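>>> my questions are about this predicted structure, shown below with the sequence.
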Amino acid sequence: MPTHVLAEADGDERGALLAFLEAQRGGLRRAVLGLSDEEASRRPTAGELSLAGLVKHAAETEQGWVERARQVPRSVARDETTWHLSFQLEEGQTLAGMLAHWDEVARGTEEFVRSVPSLNDTFPLPEAPWFPPGGEQSMRWLMLHLIEETARHAGHADIIRETLDGKTAFELVAEEREQGAG
């Protein structure tokens, strides 16, 4: 990753985890820098992934895991018949709208993580063949999982963007910095 995550304030583990998650979100956001909805929805590789779809999926995934940890109903329920929709813009959805939604999700994640009494607090995992029956995970695990999931898709996004127009993550960091300075 061509950016540096600053050290947390002394002993601020939550701040460190949130900063690393934000750095990975930044990698995915940069991958769509300057692209139209049409460009961001292209699938230039052998797979079905697009940049817009990755942004949507990352936002839905983060929102879903935080809702699961908060033990509230899911805002977007997915199953095997609708899973593919989490990877594509649907009618009326835009890349800008998805990015704005993800910003709201990120704010909610930070508020929640800073509000839990301890990162050792747990929440129940859903019933699924890949989770242990009656399984629980800690808030720390939640944050590490969100970092892992977002980083995985930021890597996919790097490949897709470079395939689309040749821009690398380093070039996009420089472009983002130029836009921020202007």
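Yes, it's here.

>>> tell me what whatever helix or strand R68 lives in is packed against?
Per DSSP states H and E, R68 falls inside helix 51-70. When contacts are defined as 3 or more C-beta pairs under 8 Å, 6 or more residues apart in numbering; DSSP states H and E, helix 51-70 packs onto helix 13-31, helix 37-40, helix 95-115, strand 122-124, helix 139-165. For glycine as for every other residue, the C-beta is placed from the backbone atoms N, C-alpha and C.

>>> what do you get if the cut-off is 7 Å, keeping everything else the same?
helix 13-31, helix 37-40, helix 95-115, helix 139-165 (3 or more C-beta pairs under 7 Å, 6 or more residues apart in numbering; DSSP states H and E).

>>> so for stretch 57-71, what gets flagged as buried?
57-69 (16 or more other C-beta atoms under 10 Å).

>>> G27: which of the residues you listed is nearest?
Among those, A58 lies closest to G27 (C-beta to C-beta), at 10.3 Å.

>>> so that closest one is in contact with A151, correct?
No. In this structure A58 lies outside contact range of A151 using C-beta atoms under 7 Å: 10.2 Å.

>>> run the angle between the helix holding R68 and helix 95-115 for me.
30 degrees (axes from the mean of the first three to the mean of the last three C-alpha atoms, to 10 degrees).

>>> from the rest of the structure, what touches helix 51-70?
28, 31-32, 35, 37, 40-41, 74-76, 86-89, 95, 98-99, 101-102, 105, 108-109, 112, 123, 126, 139, 142, 145-146, 149-150, 153, 156-157, 160-161 (C-beta atoms under 7 Å, 6 or more residues apart in numbering).

>>> give me the below-cutoff pLDDT ranges for this protein.
By pLDDT under 70, the low-scoring segments of the chain are 1-2, 7, 182.

>>> quick one: buried residues of stretch 134-145?
Q137, S138, M139, R140, W141, L142, M143, L144.

>>> who touches the second one in this structure?
When the contact criterion is C-beta under 7 Å, 6+ apart, the partners of S138 are L119, N120, D121, T122.

>>> hmm, back to that, dump the helices and strands packed on helix 51-70 to CSV, plus distance to E48.
Output for the helices and strands packed on helix 51-70, formatted as CSV (distance: least, C-beta to C-beta, whole Å):
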stretch, distance to E48
helix 13-31, 17
helix 37-40, 14
helix 95-115, 17
helix 139-165, 11
